[in-house]
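Participant: I would like the atomic coordinates for the input below:
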Amino acid sequence: MNCPSCEAENPEDSSFCEACGARIQLACPACGAEYRSGARFCRACGAALALQDAASPAEVAPAVAAVPISFAGGRYRVNKLLGEGGKKKVYLAHDTLLDREVAFALIKTEGLDEAGRSRIQREAQAMGRLGSHPHIVTVFDLGQELDQPYMVTELMGGGDVEGLIEKAEDHRISLEQALEVAQETCRGLEFAHGRGIVHRDLKPGNVWITEDGTAKIGDFGLAVSLDRSRLTAEGMMVGTDTLT
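Facilitator: I've put the predicted structure just below:
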């Protein structure tokens, strides 16, 4: 079966192209049976079918219509938008190679200069150097496709602490939960410092929560190595201005 978008050959039972991620099989609105792009009538029930291009935006989930639905040769399949910050859009994605759900962050490139790209690479390198730790978000991959940088990390199902506080009654979490988050964050910081890395932008929006409630530090974009002679110039502020 050839993909109607890129002409790549795929197994007969494929619903999406392994090369470009375009949809190959569509579902009949009358009976739900799958059919190939370009078919005029459903072979299962005979219903008339709307002609659609396999890669048309209408066939892409609304949350990801503005981005490709797959990256890295089809390895990462983007499913839905999880959240958006000033520098990233984070999507739920499926790693087809390792068969796992991941957080797929698309870095906003508008106005991004070489220094900004270096910061992205530095963040991934810093988190990568820390390896696997129970209180630091694990980075799985860093790449670029069609001049679009992306980062793949473990999925944090509980969101960030900032969101946790916003959802809490009176915007306050319990003392017990606050202490637990603080202790786990300190363990992550202690580990990072032991590896020679200073975060420099620690805040509720950069501490993430797993589905089981474990706190993990992420977003090491301003991290620096302790072996640098001066971390900042005299009088220079780093991090988030309202929290520094």
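Participant: Help me confirm that Gly163 is found in a helix?
Facilitator: Yes: the assignment for Gly163, made by DSSP: H, G, I helix; E, B strand; the rest coil, places it in a helix.
Participant: give me every residue that touches it.
Facilitator: For Gly163, the contact set (C-beta atoms under 8 Å, 6 or more residues apart in numbering) is empty. For every residue, glycine as well, the C-beta is placed using N, CA and C.
Participant: Starting from Pro204, give me the distance back to it.
Facilitator: 8 Å (C-beta to C-beta, to the nearest Å).
Participant: now swap in Arg119 and tell me
Facilitator: Here the distance between Arg119 and Pro204 works out to 21 Å (C-beta to C-beta).
Participant: more neighbours, these two?
Facilitator: Arg119 (18 against 15; other C-beta atoms under 10 Å).
Participant: looking at this structure, which helix or strand does the model trust least?
Facilitator: strand 224-225 (a mean of 56; mean pLDDT, DSSP states H and E).
Participant: any idea how the protein splits into domains?
Facilitator: Domain assignment of the chain by automatic domain parsing yields the ranges 1-59, 61-154, 161-225.
Participant: looking at these, which has the lowest confidence?
Facilitator: Mean pLDDT values for the domains of the chain show the minimum at domain 1-59, a mean of 62.
Participant: And the helices in this protein?
Facilitator: All helices of the chain, identified by DSSP state H, fall at 114-130, 161-167, 175-194.
Participant: In CSV: those, plus distance to Gln148.
Facilitator: Conversion of the helices of the chain to CSV gives the following (distance: least, C-beta to C-beta, whole Å):
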stretch, distance to Gln148
helix 114-130, 11
helix 161-167, 26
helix 175-194, 28
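Participant: Just tell me which of those helices ends up closest to Phe140.
Facilitator: helix 114-130 (9.3 Å; C-beta to C-beta).
Participant: the strands in the protein, which residues?
Facilitator: For the chain, the strands defined by DSSP state E cover 25-27, 34-36, 70-71, 76-84, 88-95, 100-107, 139-145, 148-154, 197-198, 207-209, 215-217, 224-225.
Participant: Just the angle for the fifth one relative to helix 114-130, thanks.
Facilitator: Meaning strand 88-95. Here the directions of strand 88-95 and helix 114-130 differ by 50 degrees (axes from the mean of the first three to the mean of the last three C-alpha atoms, to 10 degrees).
Participant: Which neighbours in the sheet does strand 88-95 have, and how are they oriented?
Facilitator: Here strand 88-95 is paired, per DSSP bridges, with strand 76-84 (antiparallel), strand 100-107 (antiparallel).
Participant: Just name the most buried of the ones you listed.
Facilitator: Here the criterion is mean neighbour count by mean count of other C-beta atoms under 10 Å, and of the strands paired with strand 88-95 the winner is strand 100-107, at a mean of 20.
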